[in-house]
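J.: Pasting the sequence and the predicted model now:
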Amino acid sequence: MSQNYRIRGTEEYTRIYNESKTSPEEFWGGIAEAFSWSKKWDAVLKWDFNQPEVKWFEGGKLNLSENCIDRHLNALGDKNAFIFEPNNPNEPTEYISYSELSKRVNRFANLLLSKGIRKGDRVCIYLPMIPDLPVAMLACARIGAIHSIVFAGFSAQALASRINDSDCKMVITSDGSFRGEKSIELKNIVDEALLNCTTVETVLVVKRIHSKVTMMPERDYWIAPLLEQQSEVHTAEQMDAEDPLFILYTSGSTGTPKGMVHTTGGYMVNAAYTFQNVFQYEPEDMYWCSADIGWITGHSYIVYGPLLNGATSVLFEGVPSYPDCGRFWQTIEKLNVNQFYTAPTTIRSLAKESLDFVNRYDLSSLKTIGTVGEPINIEAWNWYNDNVGKGKATVVDTWFQTETGCILISPIPNATPSIATFATLPLPGVQLVLLDDDGNEILGNDVKGKLCIKAPWPSMARTIWGNHQRYKETYFTAFPGYYFTGDGALRNEDGYYRITGRVDDVIIVSGHNLGTAPIENVINEHEKVAESAIVGVQHPIKGMALFGFVSLKTIELDDENLLKQEINQLIASKIGPIAKLDFIQFTQELPKTRSGKIMRRILRKIANNESDSLGDVSTLLNPPVVAQLIELYNTKFKK
Ligand code: PRX
């Protein structure tokens, strides 16, 4: 990658940031030069946020898997691309070199072709964190198929809706997954999902847990024997820079999940650059991101970013608490990890365990330790910095979104300061602004506003699959001419950014984005429920938890606990266990405005024990309900 833009110090950050702002095309074009293009682009950037339309490296042709793998084979063929650490620490660690990865990906690409998958087809991947997952992704990228990875914790119905939304032709899954002491039968979930899908012609199945599964003839195939028949040679399909690379679904505040579409050239350049600079990756380093590949963090910072840099990336199948809460720290010692990247919710859950779990291991290899996915509270930041980083590794609180594709705000070790709970400064190429409610840019420091972005960056999602209008309405309509993130942020007196949280109806629970409306719709399907409203409440481990106010059709309620269980079961089966409610309060009515809208602001205050500052209640239609809910909260939930 262009060494001119590698950030190694404070002055370089300032110089490069300024250059990227005044000449974005030279900046990103310069970085892009380092990659393999079978045809160079005609224009670095064309954009119009009013349409909205954004094109990077238009006219350029390339293949991402070739850039991730083949480009390194001469120099780094024997270097490990992935180190697979299985769920069970007694199972051997697997070392996958770049040349081995190349063979596996080529075989897989040939297998996809043999099953009729062609450029532009959508392939749904529903796999646990095993090597077949990045191999399947890279094989899709190699033949130009668009992968749509669905996190293997989603329910059959959630999986089906994602398969149907993008008309996937194939599903790649496994018999099941290991999660600590538990195992989950994924193939059964796929079977259930496919009862409601008509576009899937083939299901490829990896054997992982050796459970009994039903294979439908002519549709379902075990992968291993088919791969054996395939050639290790494959010529990568040359893609247009703006051809879709993947679809990744994220919750919206209303309606169905949004299939964010990421394209090839810009995503590649951005993922490579941010990985290298944020983690200050050096060629011999060992890097580990503990996210799941089913989320954007895993796409960009387990697979594409590290491979584009010829890095060695740890692929961890398990959970942080198995076989005990020292597993992460043990793995860091065992593999001499230099960069470790995880989520605040994981840090909080490990911080509540005995420090012995951490102190038992030598963590001195760590140079950079990152967090992502939600605001990190000061206690968790300090715990991470003191006990994991030992005050020596740099904490990078990185901000980004499924929509942004790559990290946009983060400290850069040895170049810009790391400040507790602050994502700090935009990376080069990123023009942040804070807007007031009327869409005016808030200038100066020590200010708060809605976090927006003024100009495009290469890895931004280009559209929502099949619904460009929704893309426009969600991101470009509230503040015309800007990309609106949906987050609030402050800029402190020194100009550093701190993300304060969502300003829409998305709640981040344990790092997972959950739209309230889709969960409410599921609750409302229950025969006893009239309506519901979900609000977020502070939670010591999850960051935020879900508190549901549910009004009932009947006044009589025989068994409150049973109904709560039924509601949560319904949510788990329709969305997934991650969306279950932590607290439920039944009521006869929900507080509403005179025009009939539920007053969520008031419910949020009640659920967060802030009912002494309800604010303006003059438009409230039914004040006695509020008094009743406060009383119920005080008796049942107040500690
Ligand atoms: O609210 C912000 C929060 O996570 C949202 C994006 O979620 P998702 O698309 O699932 O991607 C998560 C992984 C990149 C953002 O709108 N968020 C992400 N990182 C941070 C954060 N909030 C505060 N600090 C962060 N570092």
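T.: Nice, I can see it. Numbering: from 1, shown residues only.

J.: mind checking which helix or strand the nearest residue to Lys580 once chain neighbours are set aside is in?
T.: Nearest in space to Lys580, with sequence neighbours left out and distances taken as CB to CB, 6 or more residues apart in numbering, is Asn568 at 4.4 Å. All C-beta atoms are positioned from the backbone trio N, CA, C, and that covers glycine. Secondary structure assigned from DSSP states H and E places Asn568 in helix 560-574.

J.: what about this structure, any weak spots by pLDDT?
T.: Within the chain, the stretches with pLDDT under 70 are 1-3.

J.: Close to the ligand: what parts of the protein are there?
T.: By CB under 6 Å from any ligand atom, the residues of the chain that approach the ligand are 250, 296-297, 372-375, 397-402, 423, 485-487, 499, 502, 508, 513.

J.: please redo it, this time with the cut-off set to 8 Å
T.: Residues of the chain found near the ligand, taking CB under 8 Å from any ligand atom as the criterion, are 250, 291, 295-297, 344, 371-376, 397-404, 407, 409-410, 423, 485-487, 499, 501-502, 506, 508, 511-513.

J.: Paired strands for the very next helix or strand once past the helix holding Asn568, with orientation please.
T.: Beyond helix 560-574 in the direction of the C-terminus, DSSP H and E gives the next helix or strand as strand 583-587. According to DSSP bridges, strand 583-587 forms sheet pairs with strand 543-552 (parallel).

J.: related to what we said a few turns ago, among the residues of the chain next to the ligand, which are in helices?
T.: In helices, defined here by DSSP state H, the members of these are 296-297, 344.

J.: so who does the closest residue to the ligand within the stretch 451-600 of the chain touch?
T.: Distances between the stretch 451-600 of the chain and the ligand by CB to the nearest ligand atom are smallest at Ile499, namely 3.6 Å. By CB atoms under 8 Å, 6 or more residues apart in numbering, Ile499 lies in contact with 375, 399, 409, 423, 451, 487-489.

J.: at 7 Å instead, please
T.: For Ile499, the contacting residues are 375, 399, 423, 451, 487, 489, taking CB atoms under 7 Å, 6 or more residues apart in numbering as the criterion.

J.: circling back: counting neighbours, what do you get for the residue nearest to Lys580?
T.: 18 (other CB atoms under 10 Å).

J.: Quick check: nearest residue in space to the residue of the stretch 51-200 of the chain found nearest the ligand, chain neighbours excluded?
T.: Scanning the stretch 51-200 of the chain for proximity to the ligand using CB to the nearest ligand atom identifies Phe151 as nearest, at 10.3 Å. With CB to CB, 6+ apart as the measure, Gly294 is the residue that lies nearest to Phe151, at 3.1 Å, once sequence neighbours are left out.

J.: Now do that neighbour: how many residues are near it, please.
T.: When neighbours are counted by other CB under 10 Å, Gly294 comes out with 22.

J.: quick one: it from Thr474, how far?
T.: 22 Å (CB to CB, to the nearest Å).

J.: Pull out the buried residues from stretch 292-301.
T.: Along stretch 292-301, these residues count as buried under the neighbour rule (16 or more other CB atoms under 10 Å): 292-301.

J.: Am I right that Pro480 sits in a helix?
T.: No. Secondary structure assignment places Pro480 outside any helix; it is coil (DSSP: H, G, I helix; E, B strand; the rest coil).

J.: which residues touch it?
T.: Asn50.

J.: And Tyr304, by the same measure?
T.: Neighbours of Tyr304 in contact, by CB under 7 Å, 6+ apart: 68, 271.

J.: how's the protein carved up into domains?
T.: For the chain, automatic domain parsing gives the domain ranges 2-63+243-501, 66-237, 511-636.
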